[in-house]
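In: Just a sequence and a predicted model for now, questions to come.
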Amino acid sequence: MKTLATLMILAGLTGSAEACGRYHDDWGGSDKAAHFGVSAALGVGTSRLSTDTWTAFGLALIPGVAKEIYDSQQDCNRFSWKDLAWDAVGAYVGVRAGNWVLGPTGASYRLSF
């Protein structure tokens, strides 16, 4: 995980020096729901790959980090910590939901009621 954090920091620091106008990245931007939704779906999927919540969370977060690194290399685009935050929230919710709904037996939500 230290390597992942180091890569995220380095990618955030390597922005394009080209002047492209003011960069807008609101917390409630139009793409934030997509970041949350895709990461949540990945979280549900990775919850089936690992019984450890944090391992599943890390696996679900990898595509979001990769996308932000890709974005940082594009002209007039930047690494967005806000997008990554929405990815992290979605991944965590997805992993927890996957563990609750599917669980180790495949239907743990029935045991909750």
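Out: Perfect, thanks for sending it. Numbering: from 1, shown residues only.

In: which helices and strands does the strand or helix carrying Y92 pack with?
Out: Assigned by DSSP states H and E, Y92 belongs to helix 81-101. If you count contacts as 3 or more Cβ pairs under 8 Å, 6 or more residues apart in numbering; DSSP states H and E, helix 81-101 packs onto helix 32-47, helix 53-72, helix 109-112. From N, CA and C alone the C-beta is placed, and that goes for glycine too.

In: what about T53, distance to G43?
Out: Taking Cβ to Cβ, to the nearest Å as the measure, T53 falls 10 Å from G43.

In: These two: who's more crowded?
Out: More crowded of T53 and G43, by other Cβ atoms under 10 Å: G43, with 28 against 16.

In: ok, that one - contacts?
Out: A56, F57, A60, G90, A91, Y92, V93, G94, V95, R96, A97, G98 (Cβ atoms under 8 Å, 6 or more residues apart in numbering).

In: wait, which of the residues you listed is closest to V38?
Out: Top of the list for closeness to V38, among those and by Cβ to Cβ, is G90 at 7.0 Å.
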